[in-house]
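> I'll drop the sequence and a predicted model, then ask my questions.
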Amino acid sequence: MRTRTGCRVLAVALAAGVALWLPGAALGHAMLHEVVEGDAVIVRLSFPGGDQPWFEPYEVFAPGDETPFQTGRVNALGEASFRPDRPGAWRLRVFTADGHGTVIGLEVDAAGAVSAVHAGHGHAHGYWPRVLAALGYLLGGFGLWILWRQRRARAGAG
Amino acid sequence: MHIPDGLISPQTYLPALALAAPLWLLAGRKLKARLGDEALPRLAVFTALAFLLSTLMLPLPGGTSGHAVGVGLLALVFGPWIAFMAYSLVLLLQAVVVGAGGVTSLPVNALAMGFVGAWVTVGLHAALRRFDEAVAVVVSVWAGVMVAALILALALGLQPSIAQAPDGTPRFFPFGPAVTLPALLIPHALIGAGEAVLTLLVYRHARRRRWLGAPG
């Protein structure tokens, strides 16, 4: 009699244990989520010809860090976005397999907004004016060189 | 084809600078010694043309685009040393004013496109011109573009092996040669063909006008 009661207690305890353990085990493999409100830094990227680097990889580096804070691929709008968790000098590096790319420095303030962009020369606006300016420097530089040579030749002859 | 700043490691661009600096000095001396008052304005115009060629985007199959190089024309008209010097100036302006390429990557880009590209073009042209001048120009310019693309693909593809973070992840560029070689060589096979035909047209004009300088 005592043995039967013991067996029942044991079976109930086992059933209760399994019942309590199963949801925990299921939760261990679950991916939970919540939608949070927040502002992100969004950088739109494009090639000089107007195409966008769709689905090309990018890396985001937090201030002072050498390991990426975020990695990902440029979205279908040609944008890379991230949500900085601290102020400072953030870096966004975008690169394609054929070696095109850029490193953009983003100064993020305490409110999480971008206060300054150090993109070097890679900003989207004014590509052709810059090409014309470079052409002007090039031809102007050669012109000055030619004038200098002519002046020196005249001085040598005189 | 210009590699920008931030994608190649100091282990790559510092040795490239050590190699390029004396070559720039030597090329500068040759430029000063060989170029007369008549040829200098011509060099200015051809350098400007090479610069413009390297800014024009050519649409490629697959929705992407690439740009011509332009060093082959300079090499065939002025010789490889002057072409190297002039094209280095093009790359410098591209990096500093236009934002294509980079300052730290300038030695790598200049050696691959300006130096090797020019020498391959001139060498192959000299070897093939006895058979057919037009074929020699087209093949040599195409080969110059392809060899430059090969060197830059290898320079990029080696970055994951030579520059890693402590945890083993690539610090500058993540793709190995298996990705960079086809990514650069396949588009430039088409770009090089277009550039070769364009170079042939200008080269013929330069030859008729007796603008071709002595090689070297």
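Sure, I can see it.
> Name all residues that make contact with residue 139.
Picked chain A for this. B:44, B:48 (C-beta atoms under 8 Å, 6 or more residues apart in numbering or on different chains). Any C-beta I mention is one placed from the backbone N, CA and C, and that applies to glycine too.
> ah, no, chain B please
Residue B:139 sits in contact with B:124, B:128, B:196, where contact means C-beta under 8 Å, 6+ apart.
> Report how many residues lie close to the first one.
Yep, that's residue B:124 we're talking about. The number of residues packed near residue B:124 is 20, by other C-beta atoms under 10 Å in any protein chain shown.
> Same question for the last one.
Here the count is done by other C-beta under 10 Å, and residue B:196 has 24 residues near it.
> hang on, it packs against residue B:72?
Yes - assessed by C-beta atoms under 8 Å, residue B:196 is found in contact with residue B:72 at 7.2 Å.
> rewinding a little: dump the contacts of residue B:139 to TSV, plus pLDDT and distance to chain A.
As requested, the contacts of residue B:139 are exported to TSV (pLDDT from 0 to 100; distance: C-beta to the nearest C-beta, whole Å):
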residue	pLDDT	distance to chain A
B:124	97	24
B:128	95	29
B:196	95	20
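> So which of those residues are in helices?
Mapping the contacts of residue B:139 onto helices (DSSP state H) picks out B:124, B:128, B:196.
> Does the closest residue to residue B:187 other than its chain neighbours fall in a helix, a strand, or a coil region?
Among residues not flanking residue B:187 along the chain, residue B:66 sits closest, at 4.7 Å (C-beta to C-beta, 6 or more residues apart in numbering or on different chains). Using DSSP: H, G, I helix; E, B strand; the rest coil, the structure places residue B:66 in strand.
> mind showing which ranges of chain B have poor pLDDT?
Applying pLDDT under 70 to chain B flags residues B:57-65, B:213-216.
> on that earlier part again, joint contacts of residue B:196 and residue B:72?
B:141, B:145.
> what's the distance between the residue most central in space within chain B and chain A?
The centroid of chain B falls nearest to residue B:113 when counting by C-alpha atoms, centre = their mean (2.1 Å). Relative to chain A, residue B:113 is positioned 12 Å away (C-beta to the nearest C-beta, to the nearest Å).
> Walking through chain B, point out its strands one by one.
Ranges of strands within chain B are B:57-60, B:64-67, based on DSSP state E.
> For chain B, list the residue farthest from the centre, please.
For chain B, the largest distance from the centre (C-alpha atoms, centre = their mean) belongs to residue B:167, which lies 35.3 Å off.
> Against chain A, how distant is that one?
From residue B:167 over to chain A the distance is 7 Å, taken as C-beta to the nearest C-beta.
> Roughly how far does the nearest residue to residue B:42 once chain neighbours are set aside sit from residue B:77?
Spatially, and ignoring its direct neighbours in sequence, residue B:42 is nearest to residue B:211 (5.9 Å; C-beta to C-beta, 6+ apart). For residue B:211, the distance to residue B:77 equals 6 Å [C-beta to C-beta, to the nearest Å].
> who touches both of the two?
Counting by C-beta under 8 Å, 6+ apart, the residues touching both residue B:211 and residue B:77 are residue B:42.
> Just want to know which of these two has more residues nearby.
Using other C-beta under 10 Å as the criterion, residue B:211 and residue B:77 rank with residue B:77 on top: 22 against 18.
> which non-adjacent residue is nearest that one?
residue B:206 (5.2 Å).
> What about the one you found, how many residues nearby?
Neighbours of residue B:206 (other C-beta under 10 Å): 19.
> Tell me if I'm right that it and residue B:212 touch.
Yes - the pair residue B:206 / residue B:212 is scored as a contact, 6.0 Å apart, by C-beta under 8 Å.
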